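*Asks:* give me a 3D structure for the following:
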Amino acid sequence: MNILNFLPVVSAVLAVCLTIGGMSAFRNGRQIQLTKFQEETNKALKERTDLLEKKIEDLEKKIVIHEHVIETIIATLKLRGLVVTVDGEMVTISDGTSSTSKRYRPANEPTRPTRTLPKRGSSPEHAS
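*Replies:* Numbers count the residues shown, from 1 in each chain. As a prediction, the model looks like this:
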């Protein structure tokens, strides 16, 4: 047996080994990149979550302050004889003899279109 007869077999085995090693290295590299990407994403999400939690705490403090201001205003008006009742968007003010209610919407909430009704005694054709 001549060594030249084994050369094609050695070459084929070497090619298969190189192919398997290359595929393994490629998969390992992709796995490392994926792991690094996941770690960076998790870190960014954690930072964002921490920031949002801090904003929530700040807004909760502002809500408490605003509620205290509203209660102070209501108590002061009550001393003057005005009773203010806030029920969601509906605010009612009464002075003992009369009562007025008004619905307030947030500034960013769209309002419904309103229709102008014609004055009494005029026909719709002549209304301007």
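*Asks:* hang on, isn't residue 102 packed against residue 89?
*Replies:* No - counting by CB atoms under 8 Å, residue 102 stays clear of residue 89, with 9.2 Å between them. To be clear about C-beta, it is placed using only N, CA and C from the backbone, and glycine gets the same treatment.
*Asks:* residue ranges with poor pLDDT in this protein?
*Replies:* 1, 106-128 (pLDDT under 70).
*Asks:* if we go to 90?
*Replies:* 1-35, 70-71, 73-75, 77-128 (pLDDT under 90).
*Asks:* ranges for the strands of it?
*Replies:* Ranges of strands within the chain are 83-87, 90-94, 99-103, based on DSSP state E.
*Asks:* CSV for those, including mean neighbour count and distance to residue 36?
*Replies:* Shown next, in CSV, are the strands of the chain (neighbours: other CB atoms under 10 Å; distance: least, CB to CB, whole Å):
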stretch, mean neighbour count, distance to residue 36
strand 83-87, 12, 53
strand 90-94, 13, 55
strand 99-103, 10, 55
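*Asks:* using CSV, lay out the ones you listed together with distance to residue 50.
*Replies:* What follows is the strands of the chain, written out as CSV (distance: least, CB to CB, whole Å):
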stretch, distance to residue 50
strand 83-87, 34
strand 90-94, 38
strand 99-103, 39
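*Asks:* do you know which of the ones you listed lies nearest residue 43?
*Replies:* Comparing the strands of the chain against residue 43 with CB to CB, the closest turns out to be strand 83-87 (43.8 Å).
*Asks:* that closest one - contacts with which helices or strands?
*Replies:* Where contact means 3 or more CB pairs under 8 Å, 6 or more residues apart in numbering; DSSP states H and E, strand 83-87 is packed against helix 3-79, strand 90-94.
*Asks:* next, the angle strand 99-103 makes with that strand.
*Replies:* With axes from the mean of the first three to the mean of the last three CA atoms, to 10 degrees applied, the angle from strand 83-87 to strand 99-103 works out at 30 degrees.
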